[in-house]
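Student: Take a look and give me a structure for this.
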Amino acid sequence: MSISKMIVLVSAGSILYAAFSDYFNTSSTPPYPTTNLSTEDDWDKIENGIHLKTGLIYDRGFDQVRANCTVCHSAKLIIQNRADRDGWAQMISWMQQEQGLWDLGKNESVILDYLSTHYAPLEKGRRDNLNIAEIEWYILDLE
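Tutor: Here you go, the predicted model:
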């Protein structure tokens, strides 16, 4: 093996080691940030009506939603969506047809009640347009 190939090989190895050395660390403290939800008190903690682990509103139907929905996707996907009961039913139907979601059976009605109650469309999504004719305009003097 030539000297130039050895230099390239050693350089590449050094770069890879520097980039991934934290993952080969054998200490008991992981090199990445961790959350401490291992205690029983924190695992199902609820504050101000919000289940802290999932971010979902804690109310009737929460357990069914967590058991059937968050198995496949994050609760954040639920929180960011808004739909009425029919809209949620269509999403569930799509997940069953396209994504392999199982038949929810008697839980479907409870889940739809929960979702349509707590994650329904907001009455107003944004502010009204400004009425430009009513705005009192002025010229900003920077001097």
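
Student: What are the buried residues along the longest helix along the chain?
Tutor: The longest helix of the chain (DSSP state H) is helix 3-20. If you call a residue buried by 16 or more other Cβ atoms under 10 Å, then helix 3-20 has no buried ones at all. Every C-beta, even on glycine, is put in place using the N, C-alpha and C of the backbone.

Student: worst-scoring helix or strand of this structure, pLDDT-wise?
Tutor: Lowest by mean pLDDT, DSSP states H and E among the helices and strands of the chain is helix 40-43, with a mean of 63.

Student: So what are the sheet partners of the following helix or strand past that one and their directions?
Tutor: Sequence-wise, the next helix or strand downstream of helix 40-43 (DSSP states H and E) is strand 46-47. In the sheet, strand 46-47 lines up against strand 50-51 (antiparallel) (DSSP bridges).

Student: Packing partners of the helix or strand that the strand it pairs with is followed by?
Tutor: Remark: after strand 50-51, the chain's next helix or strand is helix 62-68, criterion DSSP H and E. Helix 62-68 sits against helix 107-118, with contacts defined as 3 or more Cβ pairs under 8 Å, 6 or more residues apart in numbering; DSSP states H and E.

Student: contacts for the helix it packs on?
Tutor: The contact list for helix 107-118, computed with Cβ atoms under 8 Å, 6 or more residues apart in numbering, reads 56-57, 59-62, 64-65, 67-69, 78, 83-85, 88-89, 92, 104.

Student: at 6 Å instead, please
Tutor: 57, 61, 64-65, 84-85, 88-89 (Cβ atoms under 6 Å, 6 or more residues apart in numbering).

Student: Give me the buried subset of these.
Tutor: With burial judged by 16+ other Cβ under 10 Å, the buried subset of these is 57, 61, 64-65, 88-89.
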